[in-house]
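Visitor: Build me a model from this:
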Amino acid sequence: MNKMLSIIALVFSCVALADYPTSFSNAKTKAEKNVYYDKDATFYCGCDFVFDDTEDADGDGNTHETMIEPQSCGYQPRNSLTSSGKANARISRIEWEHIMPAHLMGGHLDEWKNKKNYSSCKKSNGKYLSGRDCAYKLNADFKRAHDDMNNLVPAVGELNGDRSNYSFEVISGEKRVYGQCDFEVDFVNKIAEPSDDVKGNIARTYFHMIKTHGAKITSDKMTMFLYWDKLDPVDVWECERNKRIQVEQGLGNSFVAEVCESYVR
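Guide: Have a look, this model is predicted:
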């Protein structure tokens, strides 16, 4: 009987994960079409955006790009121009941000650290894929963690670039450089601090990535995230987002789900 139950559980598990993203591009498409289709606001700054700029608001002729409306959230760019003097395109487009940086999921892998040991990571020009790309290509567990939609949120492109893979911390006395957007980056110490109203979302994402994908963080970071979890409780949109992700990829965030279930009891 126990063996039969195990087989049934495995079958249902496989069915549930049948629609898991097949690539990072696929994960982003699923997030756009089936999760954020009616929630057009960036994660860190709350800037309104449209997925397809059909009215060509910026006049560049591209009607299929994501267009952010900075005036909706008081966002001001840190750099309005690129180093070459061109307009910074990342100001007006969303990019899909990994809340937990990829290196915390796979930076310890041999495929990441020793890419030259893997011939399949060697390109036709003799150079090698990046450690991250090599791990993504060869390590199924890392690929699954990398493409988990629970860890993806839409962010202003410039902010995504500035945050890079910096860890989250509390930054004392750091000046804001993004207008009304409450997000600070300390480039010297390579840390970033988001606003209080998304700190809980971030904490619960980290909890999920640790539980589901085996990511590791320090005890100090865990203490901070436990505090952030209480500081910013689960809200209605977080419940709805989690439900949509669960339906779309067969894997939601249990730390969100258990709170949402208590709301309806």
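
Visitor: which residues in the stretch 101-250 of the chain form strands?
Guide: 152-156, 167-168, 184-186, 191-193 (DSSP state E, counting those that start in this stretch).

Visitor: So what's the gap between the second one and the chain middle?
Guide: Between the mean C-alpha point of strand 167-168 and the mean C-alpha point of its chain there is a distance of 13 Å (CA atoms, centre = their mean, to the nearest Å).

Visitor: Mind listing the strands that strand pairs with, and their directions?
Guide: strand 191-193 (parallel) (DSSP bridges).

Visitor: And the first one, by the same measure?
Guide: Sheet partners assigned to strand 152-156 using DSSP bridges are listed as strand 94-98 (antiparallel).

Visitor: Test my guess that residue 68 contacts residue 88.
Guide: No - at 11.9 Å, residue 68 and residue 88 do not qualify as touching, with contact defined as CB atoms under 8 Å. All C-beta spots, glycine's among them, are computed from the backbone N, C-alpha and C.

Visitor: who has more neighbours, these two?
Guide: Just comparing residue 68 and residue 88: by other CB atoms under 10 Å the higher neighbour count belongs to residue 68, 28 against 16.

Visitor: sec struct for that one, please.
Guide: Secondary structure state of residue 68, per DSSP: H, G, I helix; E, B strand; the rest coil, is strand.

Visitor: which residues sit in contact with it?
Guide: Residue 68 makes contact with 42, 47, 48, 49, 75, 91, 92, 93, 94, 156, according to CB atoms under 8 Å, 6 or more residues apart in numbering.

Visitor: What of residue 189?
Guide: Counting by CB under 8 Å, 6+ apart, residue 189 has contacts residue 169.

Visitor: now it: how far from residue 200?
Guide: Between residue 189 and residue 200 the computed distance is 24 Å (CB to CB, to the nearest Å).

Visitor: Just to check, residue 95 is in contact with residue 162?
Guide: No - with contact defined as CB under 8 Å, residue 95 does not reach residue 162; the gap is 11.3 Å.

Visitor: Those two: who's more crowded?
Guide: Ranked by neighbour count (other CB under 10 Å), residue 95 and residue 162 place residue 162 first, with 20 against 17.

Visitor: What number of residues are in the vicinity of the closest residue in space to the more buried one that isn't next to it in sequence?
Guide: Closest residue to residue 162 apart from its sequence neighbours, by CB to CB, 6 or more residues apart in numbering: residue 185 at 5.0 Å. Using other CB under 10 Å, residue 185 has 21 other residues around it.

Visitor: Who does residue 185 form a beta bridge with?
Guide: Under DSSP bridges, the beta-bridge partners of residue 185 are residue 192.

Visitor: contacting residues for it?
Guide: The contact partners of residue 185, by CB under 8 Å, 6+ apart, come to 162, 163, 166, 174, 177, 191, 192.

Visitor: Do I have it right that the fifth one meets residue 79?
Guide: So that's residue 177. No - the criterion here is CB under 8 Å, and residue 177 misses it with residue 79 at 9.5 Å.

Visitor: Now do stretch 226-243: everything it contacts.
Guide: Under the contact criterion CB under 8 Å, 6+ apart, stretch 226-243 has outside partners 35, 39, 150, 196-204, 207, 252-253, 256-257, 259-260, 263.

Visitor: Counting neighbours, which of the residues you listed end up buried?
Guide: Buried members of the contacts of stretch 226-243, scored by 16 or more other CB atoms under 10 Å, are 35, 150, 198-204, 207, 252-253, 256-257, 259-260.

Visitor: Next step: these restricted to helices.
Guide: Applying DSSP state H to the buried ones among the contacts of stretch 226-243, the entries found in helices are 198, 199, 200, 201, 202, 203, 204, 207, 256, 257, 259, 260.

Visitor: can you pull the contacts of the third one?
Guide: Contact analysis of residue 200 by CB under 8 Å, 6+ apart lists 228, 229, 230, 231, 232, 233, 234.

Visitor: how close does it sit to residue 106?
Guide: From residue 200 over to residue 106 the distance is 25 Å, taken as CB to CB.

Visitor: do the same with residue 245
Guide: Look at residue 245 and residue 106: by CB to CB, they are 21 Å apart.

Visitor: again, but for residue 169
Guide: The spacing between residue 169 and residue 106, counted by CB to CB, is 22 Å.
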